[in-house]
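# Need coordinates for the following:
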Amino acid sequence: MKFSYLLPACLALLLTGCSPVVRVHEAPARAPIETPGAHYPVTIENLSAKGEAVTAVYDTPPQRVVAVWQNSIETLLALGVGDRIVAGMGVPDAKYIRAAYRAAYEAIPYTSLEHLDVETVLMMEPDLIVGWGSTFSPKVLRGTDFWAGRGIHTYIAPASVPGFAQKTLTTEWQDILNMGRIFDRQDRAEEIVEEMQHAISFVTEATRDRPQRPRALVIEFLGKEIRSYGQDTLAGDMLRALGAAHLAADGESLSMEELITLDPDAIFVVVIESDYGNEEAVLSHIYDNPALQGLHSVRERRIYPLPLYAVYSAGVRSYDGILILAQGLYPELYKR
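Below you'll find the predicted structure:
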């Protein structure tokens with residue numbers, strides 16, 4: 001039996017009393033099913049829920065996709081296959097979707113911050129579920145083997161899997177290219193990747209002859225703890241690509257005294273989902289701290305919010321991370 005959009009509508013009526021984040025839209029006209037061309041079958045290397053290497057073969061482009069978390073959703077929207085998404089989960093509000101993709105996001109039949117249960121997802125009859133490693137945990141949507149046993153493909157963003165060491169731009173670019181191959185949108189996927197590569201090339205060419213590299217620190221406030229983002233994070237790889245001197249690259253926690261001693265040229269403060277829209281309050285932890293008024297970055301007003309979605313399993317939003325870091329490291333390059 002085909003999934004009826006009346007079911008999620010009923011669910012929404014039940015859920016809206018306790019949560020304002022569920023949105024159910026009238027089902028838009030779906031794109032006609034594509035006839036697979038010479039591009040198929042496509043073989044994709046990915047990971048299981050246990051972090052093991054798996055190989056998936058796609059004989060046709062997916063038609064009914066459940067996408068979890070912003071990177072998954074926006075990557076599909078950027079590739080122009082948003083009309084295949086039957087449910088998009090994990091985004092706090094549509095305003096956090098890039099403006100260019102927002103209309104397509106609003107057209108997704110079901111969107112919610114919360115995850116649907118397994119039974120409802122099954123009734124949607126997806127042929128692909130895209131998400132993070134945590135998506136396929138027992139308490140969320142169960143393991144990848146569960147879905148494979150029902151003939152449903154899964155794709156995990158590798159950088160979201162605990163213990164996966166290659167949290168790099170190359171990994172993010174490969175994810176985008178993989179999605180391009182799965183949906184036969186290779187040209188668009190290559191355009192997205194090349195845009196990021198050009199943004200980096202612009203910086204490296206413009207700063208090639210500079211004798212000193214800007215000293216940068218990427219941190220996140222975890223209560224009273226100051227956690228640094230080290231060289232093994234996506235943010236660290238971006239700093240390397242942009243030619244910055246990465247401070248506290250070991251990824252250890254910092255004390256206020258250590259922060260003062262480091263005295264970075266620029267500080268980037270990671271903003272998590274719960275603080276989206278409250279960036280100024282997050283930055284005030286530094287700007288309003290009397291002990292930190294002597295920092296170069298405070299005096300020069302070079303403390304910048306860095307959204308988590310731009311530096312963690314970021315997909316197409318890696319471009320945002322590159323630009324935020326580049327503009328903070330080299331503000332003179334972007335003055336008009």
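# How about residues contacting stretch 117-132?
The contact list for stretch 117-132, computed with Cβ atoms under 8 Å, 6 or more residues apart in numbering, reads 2-3, 7-8, 11, 62-69, 72, 76, 86-87, 90, 116, 135, 141-142, 146-147, 150-157, 160-161, 179, 182, 313. C-beta here means a position set from N, CA and C on the backbone, and glycine is covered the same way.
# How about it, which residues are buried there?
Residues of stretch 117-132 classed as buried by neighbour count (16 or more other Cβ atoms under 10 Å): Thr120, Val121, Met123, Met124, Pro126, Asp127, Leu128, Ile129, Val130, Gly131, Trp132.
# So which of the residues you listed belong to helices?
Thr120, Val121, Met123 (DSSP state H).
# my read: Gln327 touches Tyr334, true?
Yes: counting by Cβ atoms under 8 Å, Gln327 touches Tyr334, with 4.9 Å between them.
# And the two? Which one has more around it.
Gln327 (16 against 12; other Cβ atoms under 10 Å).
# mind listing what the more buried one touches?
Gln327 sits in contact with Tyr304, Leu333, Tyr334, where contact means Cβ under 8 Å, 6+ apart.
# Also Thr168?
Ala159, Leu234, Asp237.
# Would you format the residues you listed as JSON lines with secondary structure, distance to Ile267 and neighbour count included?
Formatted as JSON lines, the contacts of Thr168 follow (DSSP: H, G, I helix; E, B strand; the rest coil; distance: Cβ to Cβ, whole Å; neighbours: other Cβ atoms under 10 Å):
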{"residue": "Ala159", "secondary structure": "helix", "distance to Ile267": "23", "neighbour count": "22"}
{"residue": "Leu234", "secondary structure": "helix", "distance to Ile267": "18", "neighbour count": "23"}
{"residue": "Asp237", "secondary structure": "helix", "distance to Ile267": "18", "neighbour count": "22"}
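# And the residues you listed, which is closest to Tyr319?
Leu234 (12.3 Å; Cβ to Cβ).
# residue boundaries of the strands in the stretch 201-336 of the chain?
Along the stretch 201-336 of the chain, the segments classed as strands by DSSP state E, counting those that start in this stretch run 215-222, 225-228, 245-246, 253-254, 266-271, 303-307.
# winner for burial among the ones you listed?
Across these, averaging neighbours per residue (mean count of other Cβ atoms under 10 Å) puts strand 266-271 on top, at a mean of 24.
# between it and strand 215-222, how many degrees?
30 degrees (axes from the mean of the first three to the mean of the last three Cα atoms, to 10 degrees).
# partners of strand 266-271, with directions?
strand 215-222 (parallel), strand 303-307 (parallel) (DSSP bridges).
# Now tabulate these in CSV and tack on distance to Lys95 and mean pLDDT.
Output for those, formatted as CSV (distance: least, Cβ to Cβ, whole Å; pLDDT from 0 to 100):
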stretch, distance to Lys95, mean pLDDT
strand 215-222, 22, 96
strand 303-307, 13, 97
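# Identify whichever of these lies nearest to Leu259.
strand 215-222 (7.7 Å).
# mind saving the C-alpha coords of that closest one as PDB?
Extracted C-alpha coordinates of strand 215-222, given in PDB (Å, rounded to 0.1, in the frame of the first residue of the first chain):
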ATOM      1  CA  ARG A 215      47.100  32.700  14.100                       C
ATOM      2  CA  ALA A 216      43.700  31.200  14.500                       C
ATOM      3  CA  LEU A 217      41.700  29.400  17.200                       C
ATOM      4  CA  VAL A 218      38.400  27.500  16.800                       C
ATOM      5  CA  ILE A 219      36.600  26.900  20.100                       C
ATOM      6  CA  GLU A 220      33.300  25.800  21.500                       C
ATOM      7  CA  PHE A 221      31.900  26.700  24.900                       C
ATOM      8  CA  LEU A 222      30.700  23.600  26.800                       C
END
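# in the stretch 101-250 of the chain, which spans are helices?
118-123, 144-148, 169-182, 186-206, 234-241 (DSSP state H, counting those that start in this stretch).
# Columns distance to Tyr276 on top of the ones you listed, output as TSV?
Conversion of the helices of the stretch 101-250 of the chain to TSV gives the following (distance: least, Cβ to Cβ, whole Å):
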stretch	distance to Tyr276
helix 118-123	26
helix 144-148	29
helix 169-182	21
helix 186-206	22
helix 234-241	17
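# Deepest-packed of those helices, please.
Highest mean neighbour count among the helices of the stretch 101-250 of the chain (mean count of other Cβ under 10 Å): helix 234-241, with a mean of 24.
# Give me the contact list for that one.
159, 167-169, 172, 200, 204, 216, 218, 229-231, 246, 249, 251, 268, 270, 306, 311-314, 318, 321-322, 325, 329.
# Brilliant, that's me finished.
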